[in-house]
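Peer 1: with the sequence up front, the predicted model follows.
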Amino acid sequence: VVAIGNPFGLGSTITAGIVSAKGRVIGAGPYDNFIQTDASINPGNSGGPLFNLDGEVIGVNTAIVAPSGGNVGIGFAIPINMAKSVMPQLKEKGKVIRGWLGVSIQVVTQEIKEKFGLKTEEGALVGEVTKGSPADKGRLKRGDVIISFDGKKVKAMKTLPAMVADTPVGKEVEIIVIRKGKEKRLTITVGELEEDTKMAATIPKIEEGFGLSVQELTPELAESLSLNGEKGVVVSGIKKGSRASEAGLQRGDLIQEIEHEPVENIDDFKRIMQESSSKKQILIVIKHRGHSRYVVLKREKK
């Protein structure tokens, strides 16, 4: 494959490599399905085409794994079929309208398969149903295993979000689930996934002492950040050069715990931070790209 871009401002740069893997999930969102390539991709390549040797565009260069800030031979591109599927909406409306069910789902593991008495590990297990959502109105329930959506087999959990997102809003679809060992057919009208509220615009500035602001984890935000089923508050803003920035916190990180106390909502966050106001540093647990870790936050000097 051949990648063309503008790395570090060097226009019309061409690099070559191979397709290392397909269907990669890198924690960029619920619709992850990237082409992995070892063609040299660097900052400035994003948006450039990835060609095959017949000159056909097969992907749009998007991301890299860069511990040192530069290329290490692991780059990612959005498959062209996925890009083409949203082009008409972008041209007509300037944004992408996605279908929405209102559920959080998880992988059917070997342990879950045995516990639920399932024959295979295919499908998506419903962990939570948002009240008042299309799934709720269609009587989808926690514990259901979705094995078919609109006539398409759900072979793996990660395939379902894209299936739902690509479904026209208002369309009635048949969903087949396994509930308590028996197949059940449901008819659900797909809703619209609302645009994520701009984080910083809706959230008051909180904890200036650490240089970060947070917001409530809504069902829509959880779905867009691949945090379905999680509890906590989301980092909505980081002040440049602040203690939070120095500690490596990023916008979109989920704060799950402060000073060994669980954080489930904004009220918990405010209360624990108030109780810890006399401390020069606090210990928090954050989830970043699917992995939880401890972070020590030092209070900024006044």
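Peer 2: Ah, there it is. Residues are numbered from 1 along each chain as shown.
Peer 1: only C-alpha atoms for contact and neighbour calcs from this point on.
Peer 2: OK.
Peer 1: got the residue ranges for the strands in the stretch 201-302 of the chain?
Peer 2: In the stretch 201-302 of the chain, strands defined by DSSP state E, counting those that start in this stretch lie at 212-216, 233-238, 254-258, 261-262, 281-288, 291-298, listed in chain order.
Peer 1: out of the ones you listed, nearest to Gly75?
Peer 2: strand 281-288 (19.8 Å; CA to CA).
Peer 1: now the angle between strand 291-298 and the closest one, please.
Peer 2: With axes from the mean of the first three to the mean of the last three CA atoms, to 10 degrees as the criterion, the two stretches strand 281-288 and strand 291-298 enclose an angle of 150 degrees.
Peer 1: ok, which of the strands of the stretch 201-302 of the chain comes nearest Ala247?
Peer 2: Each of those was checked against Ala247 via CA to CA, and the shortest separation belongs to strand 291-298, namely 6.7 Å.
Peer 1: rewinding a little: which of the strands of the stretch 201-302 of the chain sits closest to Ile178?
Peer 2: Using CA to CA as the criterion, the shortest distance between Ile178 and those is 29.8 Å, found for strand 291-298.
Peer 1: show me what counts as buried in the closest one.
Peer 2: Residues of strand 291-298 classed as buried under the neighbour-count rule (16 or more other CA atoms under 10 Å) are 295, 297-298.
Peer 1: residues making contact with stretch 272-287?
Peer 2: 207, 253-261, 292-299 (CA atoms under 8 Å, 6 or more residues apart in numbering).
Peer 1: possible to save the strands of the stretch 201-302 of the chain as a markdown table with distance to Gly170 and mean pLDDT?
Peer 2: Output for these, formatted as a markdown table (distance: least, CA to CA, whole Å; pLDDT from 0 to 100):
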| stretch | distance to Gly170 | mean pLDDT |
| --- | --- | --- |
| strand 212-216 | 28 | 86 |
| strand 233-238 | 30 | 87 |
| strand 254-258 | 32 | 94 |
| strand 261-262 | 38 | 94 |
| strand 281-288 | 34 | 90 |
| strand 291-298 | 35 | 86 |
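Peer 1: could those be laid out in CSV, adding distance to Gln36?
Peer 2: Output for these, formatted as CSV (distance: least, CA to CA, whole Å):
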stretch, distance to Gln36
strand 212-216, 33
strand 233-238, 29
strand 254-258, 27
strand 261-262, 37
strand 281-288, 21
strand 291-298, 21
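Peer 1: who's the nearest residue to Asp268 once chain neighbours are set aside bridged to?
Peer 2: What sits nearest to Asp268 in space, not counting adjacent residues and going by CA to CA, 6 or more residues apart in numbering, is Pro262, at 8.0 Å. Following DSSP bridges, Pro262 is listed with bridge partners Glu257.
Peer 1: quick one: Pro262 from Gln274, how far?
Peer 2: Here the criterion is CA to CA, to the nearest Å. By it, Pro262 lies 15 Å from Gln274.
Peer 1: the more surrounded of those two?
Peer 2: It is Pro262, of Pro262 and Gln274, that has more neighbours when counted by other CA atoms under 10 Å, with 17 against 11.
Peer 1: distance of that one relative to Phe269?
Peer 2: In this structure, Pro262 lies at 9 Å from Phe269, with CA to CA as the measure.
Peer 1: now do Lys279
Peer 2: Lys279 is 15 Å from Phe269, by CA to CA.
Peer 1: more neighbours: which of those two?
Peer 2: In terms of neighbours (other CA under 10 Å), Phe269 is the more surrounded of Lys279 and Phe269; the figures are 24 against 10.
Peer 1: who's in contact with the residue nearest to that one when sequence neighbours are not counted?
Peer 2: The spatially closest residue to Phe269, leaving aside those adjacent along the chain, is Val263, at 5.9 Å (CA to CA, 6+ apart). Applying CA under 8 Å, 6+ apart, we find Val263 in contact with 231-233, 255-257, 269.
Peer 1: where does the stretch 101-250 of the chain dip in pLDDT?
Peer 2: Counting by pLDDT under 70, the stretch 101-250 of the chain contains low-confidence ranges at 195-208.
Peer 1: appreciated, that's everything.
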